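Coordinates for the following, if possible.
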Amino acid sequence: MKVIEARELTKVYGRGEGRVEALAGVSLDVEPGEWVSVVGPSGSGKSTLMNLLGLLDRPTSGNYALDGREVSGLRGGDLARARRELIGFVFQSYNLLPRQSARKNVELPLVYAGTRGAERRKRALAALEQVELSDRAGHRPPELSGGQKQRVAIARALVSRPAMLLADEPTGNLDTKSGEGILDLFGELNATGVTLIVVTHDPEVARRGDRIVDIRDGLVFADERSRGLEVGE
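Down below sits the predicted model:
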């Protein structure tokens, strides 16, 4: 069963003279355990595609199955539930609560899911262990480095055991060394079977994945194995 099976996804904004076709019929399959990098110039449609894959927006037309579930027609609470259960998000800006400990931040998805306290704590600590940050479980975000904050964000994304991680420019706010550490961590997680979709403008980040999907003018311009591929050429 594929993690992602998208067929002819389109997204149109506006009407009449203001009509903009951000996606013009994108089809994409992602197998379990793949690391797919999504690249493309500004205005290419890659952010729109990320929003559709992340269930943050709905397509104008097309079909999207996530982990075997047809999700393109979901609305309201059903859409929010699928997003919470199936996708772990990692953002460039971390999106952590500054007054809460690392462990409390990681627990948040489980709070929304109604998981009981003892189980939340156990799973949050296990997720922090997975990202090699268990010794910082009691620290708040202002007490952590940028790389450590991103590791907390990754632990938060993992704690619900989602079908995939969707990362938007995950190294964008990090220095080179911290960024390399996050990419190495992604590699380790991917080696254990975690499916990764990484949206990036950085060719070096893109080449760390198994595949590079290049979006241009709302279409898949290229979809190739990353080894030896020159991104953007």
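
Secondary structure element holding the spatially most central residue of the chain?
Central residue of the chain (CA atoms, centre = their mean): residue 166, 0.9 Å from the mean position. The secondary structure element spanning residue 166 is strand 164-168 (assigned by DSSP states H and E).

What segments of the chain are strands?
Using DSSP state E, the strands of the chain run over 4-13, 20-30, 35-39, 61-66, 69-70, 87-90, 164-168, 196-199, 211-216, 219-225.

max-length helix in the chain?
For the chain, the helix with the greatest residue count under DSSP state H is helix 176-191.

Tally up the residues packed near residue 168, please.
Applying other CB atoms under 10 Å, we find 20 other residues in the vicinity of residue 168. Just so you know, the C-beta spots here come from the backbone N, C-alpha and C atoms, and that holds for glycine as well.

got it, and residue 135?
Neighbours of residue 135 under the rule other CB under 10 Å: 10.

Quick one, which of the strands of the chain gets closest to residue 133.
Each of these was checked against residue 133 via CB to CB, and the shortest separation belongs to strand 87-90, namely 14.1 Å.

Touching the closest one from outside, list them.
For strand 87-90, the external contacting residues (CB atoms under 8 Å, 6 or more residues apart in numbering) are 54-55, 66, 109, 150, 153-154, 156-160, 162-168, 170.

Sheet partners, orientation included, of that strand?
Each strand that pairs with strand 87-90, with its direction, by DSSP bridges: strand 164-168 (parallel).

any idea of the mean pLDDT for the strand it pairs with?
On average, the pLDDT along strand 164-168 is 96.

Would you mind giving the orientation angle of that strand with respect to strand 20-30?
When axes from the mean of the first three to the mean of the last three CA atoms, to 10 degrees is applied, the directions of strand 164-168 and strand 20-30 differ by 140 degrees.

Report the backbone C-alpha coordinates of strand 164-168 in CSV.
Only the C-alpha atoms of strand 164-168 are listed here, as CSV (Å, rounded to 0.1, in the frame of the first residue of the first chain):
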residue,chain,number,x,y,z
MET,A,164,4.7,10.3,7.0
LEU,A,165,6.6,13.3,8.1
LEU,A,166,6.1,16.5,6.0
ALA,A,167,8.9,19.0,6.5
ASP,A,168,8.9,22.5,5.1
